[in-house]
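Student: test case, fold it:
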Amino acid sequence: MSEPTPDYTPAPPLTLGGGRAFYMPMTVEATTADGNSVCYGFDLRVLDVGRTAWRDMMLELDERMADPNTSEDEKEEQVAELLLRVVIGWRFVIDDNGALVPFGGQTFRQLLNIQGMAQAIIHAYGTSCPQALAGEA
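Tutor: Numbers count the residues shown, from 1 in each chain. Here you go, the predicted structure:
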């Protein structure tokens, strides 16, 4: 006799140790140049690097931002470099003509030019990764 087929699809096995990739939904409110409010919706493909690595990255970022000898342009580049350690792709990002924009370092930096975007990504990542949440005490 054969075993009955389960009537559900089991979840994939959980891999411990970080490095799991997943899509993180983003909804970001911003203000346009003419003062109107706009809401952006897209998904970022990110790696869950684990609680300890994320905490270390945030401490590194804090140190860099506190350096009085670092220019604003240098700070923006450092934020982009840090986020590109965990952000590996996206979907639903389009240009002015409605065409999908391929993910890349330069296009990601363009996304970060939107006021408040970097902070929104950092916050969303910290609350989206269970390992990152578990370490906050």
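
Student: identify the residue spatially nearest to residue 75, adjacent ones excluded.
Tutor: residue 65 (5.9 Å; Cβ to Cβ, 6 or more residues apart in numbering). Quick note: C-beta positions are derived from backbone N, CA and C, even for glycine.

Student: right, and that neighbour touches residue 72 too?
Tutor: No. In this structure, residue 65 is not within contact of residue 72 by Cβ atoms under 8 Å, at 10.3 Å.

Student: what's the longest helix in this structure?
Tutor: The helix that spans the most residues within the chain, counting by DSSP state H, is helix 51-66.

Student: so which other helices or strands are in contact with it?
Tutor: Contacts defined by 3 or more Cβ pairs under 8 Å, 6 or more residues apart in numbering; DSSP states H and E place helix 51-66 against helix 72-83, helix 117-128, helix 130-134.

Student: could those go into TSV alongside distance to residue 30?
Tutor: Shown next, in TSV, are the helices and strands packed on helix 51-66 (distance: least, Cβ to Cβ, whole Å):
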stretch	distance to residue 30
helix 72-83	16
helix 117-128	7
helix 130-134	24
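
Student: okay, those in JSON lines with mean neighbour count and mean pLDDT next?
Tutor: Converted to JSON lines, those look like this (neighbours: other Cβ atoms under 10 Å; pLDDT from 0 to 100):
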{"stretch": "helix 72-83", "mean neighbour count": "15", "mean pLDDT": "92"}
{"stretch": "helix 117-128", "mean neighbour count": "17", "mean pLDDT": "90"}
{"stretch": "helix 130-134", "mean neighbour count": "14", "mean pLDDT": "44"}
